[in-house]
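> Sequence and predicted structure below; questions after.
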Amino acid sequence: MLFACISGPTLADVERQMEETRGYADAFEFRLDRWNTIDPIELAALLEIAELPVLFTIRSKKQGGAFAESDSDLYALLNQAAAIGPDYLDIEFGTPITIISQLLLDYPDVKIIYSYHDFHSMPKSLDDLLASMMTVPADGYKIAVPAANASDALTMLAFVQRHAKQGVALSGLCMGEYGLPTRVLGPVVGSFADFAVGHESEKTAPGQLTLHELQHIYHYKDLNPQTKVYALLGGIVVQSPSHLTHNQVFTQLSYNGVYIKIAVHDLELEGFMQLVRELPFAGFSVTVPLKEEILLDLDAVSEEVEKIGASNTLVKKDEAFTGYNTDGKGALDALEEVIPVQGKQMVVLGAGGASRAVVFEAVKRGAAVTILNRTLARAEQLATEFQAKAGLLEDLQDIGPYDILVNTTSVGMLPEIDAMPIACQDLIAGAVVMDIITKPRETKLLKEALKKQCKVIYGQEMFARQAAQQFALWSDGQLDKKRVYQIIKDVLEASL
Ligand code: NAP
């Protein structure tokens, strides 16, 4: 059940918020503690026009809410609110049992959500906390605590899933930047209730999503326990457009999947991958800096991954995770739309993770590759592994003519858009120049290449192609690569 948080503070705001969120939510949560006035007659009138179930919540400042009066005033107000006859009443953990018992006795038709909020830390044992909460009879239990990292959020999801399977009406939400999985995946793990707001400015808890985001990005109303969950794992994931592109693919191709982005610290990766196995994750995209380290936590790897030494795609089949790499194929397919690489002189700038995949695939397809990098040793290492030549970035002027230049360094990425990995004069007029950076779309390198009448290829071409390969692997060939590619391209173009 998805609650729209109606936080006022004026009556006009309340009415507007109800109208704006009605189409998105299953129920309203009236955050009465945030309203300027609580008039029983007005409240009764709002219940009349609500047409959806209504939850009344009054939380004191001590409990993380906005009600500033004494505890006895709070309990009196809870009593008055219950008398108006909402469908649900929220009672915070720690409310004296005598008050709760009286409310249960006096208002047997009002369903109780017994909730626990801690804005500072996650409890040591969620199970012990729930056991103590369940000594109070309630129609639903809600736990909202901060996640210090991605593993905390998955721990919460696994906890909710375990209890939901046993028939407990439980909602477990993690606040903060790591909490997103718990905000989106409620219907997948069987959570009893989720909460979101109409507008960014109305957020009542850190990390809360808007109803618009939940529905239009994550197609929340289509999610169910059969939904396959996919995610991007990486150190920094905010800049990736993949939550926009990938969820559109699932929606437009009617595939029961959802895609979220998860920032994972490399130190927590092992434990995180164990938690993943308890949850309905079916596959991952992997980005820097985890593409190599992730191999330690997999059950198997493809032949390419064995050679490249890095994986950007994980697929779960029969409870086992296998690592694949679609970066090289994505880049080379984009290049070969423009120029066949067989027998061509190709310069690859950079010797990081993406470069490994690009060089491997380019050599496999018959290109004569020279790797130039800021750190010579890394270029030399790669060149030895893949039968290529190596040099420093500034050696470009000395290595002779080339047909193709591919930038795989991160130089020129947002926010440093005026940077270029090589000098302008080293660009050869008429060569094919590809930059695998996706943001900005047109890097300084590509701008300069266009001035020299080079044929340019944008990083988005690689992004869409490597992603289309991921979808093919995830869906066992069910999702058509060409259609996936086109959807991703369209979303990227629209987001420019
Ligand atoms: P990575 O493993 O961290 O490698 C970064 C590379 O950039 C290294 O060669 C590094 O050189 C070089 N570099 C970084 N800062 C530099 C500077 N100031 N001057 C010169 N060289 C510098 O990263 P990655 O995974 O290979 O990703 C690289 C880029 O590709 C990123 O922009 C990423 O977003 C993009 N990418 C795009 C796609 C796509 O689908 N379009 C897919 C994957 C990656 P050193 O070795 O000297 O440190």
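Structure's in. What do you need?

> Show me which residues of the stretch 251-400 of the chain sit near the ligand.
Contacts of the stretch 251-400 of the chain with the ligand, taken as C-beta under 6 Å from any ligand atom, map to 288, 327, 330, 350-355, 373-375, 378. C-beta: built from backbone N, CA, C; applies to glycine.

> if I pick the closest residue to the ligand within the stretch 301-450 of the chain, what's in contact with it?
Proximity of the stretch 301-450 of the chain to the ligand (C-beta to the nearest ligand atom) peaks at Gly352, 1.9 Å away. Residues near Gly352 by C-beta atoms under 8 Å, 6 or more residues apart in numbering: Val288, Arg378, Thr408, Thr409, Ser410.

> Of these - the most surrounded one?
Thr408 (28 neighbours; other C-beta atoms under 10 Å).

> Any figure for the gap between the closest residue to it other than its chain neighbours and Glu416?
Using C-beta to C-beta, 6 or more residues apart in numbering and skipping the chain neighbours, the partner closest in space to Thr408 is Gly350 (3.7 Å). Distance of Gly350 to Glu416, given as C-beta to C-beta, to the nearest Å: 15 Å.

> of these two, who's got more company?
Neighbours of Gly350 and Glu416, each counted by other C-beta under 10 Å, are more numerous for Gly350; the result is 27 against 12.

> Contacts only, for that one.
Applying C-beta under 8 Å, 6+ apart to Gly350 gives the contacts Ile371, Leu372, Asn373, Asn407, Thr408, Thr409, Ser410, Pro421.

> and these, which of them are in strands?
Ile371, Leu372, Asn373, Asn407 (DSSP state E).

> pretty sure the last one is touching Thr443, no?
Right, the one you point to is Asn407. Yes: using C-beta atoms under 8 Å, Asn407 makes contact with Thr443 at a distance of 7.4 Å.

> Mutual contacts of those two, please.
Asp435, Ile437.

> Mind checking which of those two has more residues around it?
Neighbour count, other C-beta under 10 Å: between Asn407 and Thr443, Thr443 has more, with 29 against 26.

> Now the nearest residue to that one once chain neighbours are set aside. Its backbone dihedrals?
Once flanking residues are discounted, Thr443 sits nearest to Gly412: 3.9 Å by C-beta to C-beta, 6+ apart. Main-chain dihedrals, Gly412, degrees, to the nearest 10: phi 110, psi -10.

> Count the residues that sit near Gly412.
Applying other C-beta under 10 Å, we find 23 other residues in the vicinity of Gly412.

> contacting residues around it?
Ala419, Met420, Pro421, Asp435, Ile437, Pro440, Thr443, Lys444, Leu445.

> With pLDDT added, can I get these in a markdown table?
Below are the contacts of Gly412 laid out as a markdown table (pLDDT from 0 to 100):
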| residue | pLDDT |
| --- | --- |
| Ala419 | 93 |
| Met420 | 95 |
| Pro421 | 96 |
| Asp435 | 98 |
| Ile437 | 94 |
| Pro440 | 91 |
| Thr443 | 96 |
| Lys444 | 96 |
| Leu445 | 97 |
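
> Pull the host helix or strand of Thr251 out as PDB, backbone CA atoms only.
Assigned by DSSP states H and E, Thr251 belongs to helix 242-252. What follows is helix 242-252, C-alpha atoms only, in PDB (Å, rounded to 0.1, in the frame of the first residue of the first chain):
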ATOM      1  CA  SER A 242      20.800   4.100 -16.300                       C
ATOM      2  CA  HIS A 243      17.900   4.300 -13.800                       C
ATOM      3  CA  LEU A 244      16.100   6.400 -16.500                       C
ATOM      4  CA  THR A 245      17.100   4.400 -19.500                       C
ATOM      5  CA  HIS A 246      16.800   0.800 -18.100                       C
ATOM      6  CA  ASN A 247      13.500   1.200 -16.500                       C
ATOM      7  CA  GLN A 248      12.100   2.600 -19.700                       C
ATOM      8  CA  VAL A 249      13.200  -0.600 -21.400                       C
ATOM      9  CA  PHE A 250      11.400  -2.700 -18.900                       C
ATOM     10  CA  THR A 251       8.200  -0.600 -19.200                       C
ATOM     11  CA  GLN A 252       8.200  -0.300 -23.000                       C
END
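
> Just the buried residues of that helix, please?
Neighbour-count burial for helix 242-252 flags Ser242, His243, Leu244, Thr245, His246, Asn247, Gln248, Val249, Phe250, Thr251 (criterion: 16 or more other C-beta atoms under 10 Å).

> Just give me the closest of the contacts of Gly350 to Trp474.
Nearest to Trp474 among the contacts of Gly350, counting by C-beta to C-beta, is Thr408 at 24.6 Å.

> so what's the closest one up against?
Thr408 is in contact with Val348, Leu349, Gly350, Gly352, Ala354, Ser355, Val358, Ile436, counting by C-beta under 8 Å, 6+ apart.

> ok, now with 10 Å
Shown in contact with Thr408 (C-beta atoms under 10 Å, 6 or more residues apart in numbering): 327, 331, 348-359, 371, 373, 421, 434-437, 459, 462.

> for Ala320, phi and psi?
phi -110, psi 140.

> meant to ask about Ile488
Per degrees, to the nearest 10, the backbone of Ile488 is at phi -60, psi -40.

> what separates the residue nearest the centre of the chain from the ligand, distance-wise?
Centrality entry for the chain: nearest residue to the mean C-alpha point is Lys261, 2.3 Å, by C-alpha atoms, centre = their mean. Distance of Lys261 to the ligand, computed by C-beta to the nearest ligand atom, to the nearest Å: 14 Å.

> Report the beta-bridge partner residues of that residue.
Leu232 (DSSP bridges).

> Kindly confirm my reading that Met156 forms part of a helix.
Yes: counting by DSSP: H, G, I helix; E, B strand; the rest coil, Met156 falls inside a helix.

> Quick check: closest non-adjacent residue to it.
Nearest to Met156 is Gly172, by C-beta to C-beta, 6+ apart, at 4.5 Å.

> what sits against the one you found?
116, 126, 130, 141-145, 153, 155-161, 163-164, 182, 186, 189, 191-192.

> ditto for Glu29
For Glu29, the contact set (C-beta under 10 Å, 6+ apart) comprises 3-7, 53-57, 86, 88, 90, 113, 193, 195-197, 204.

> How much space separates the closest residue to Ser475 other than its chain neighbours from the ligand?
Sequence neighbours aside, Tyr255 is the residue nearest to Ser475 in space, at 6.6 Å (criterion: C-beta to C-beta, 6+ apart). Tyr255 sits 21 Å away from the ligand when distances are taken as C-beta to the nearest ligand atom.

> what's around Tyr255, how many residues?
Counted by other C-beta under 10 Å, the residues lying close to Tyr255 total 17.
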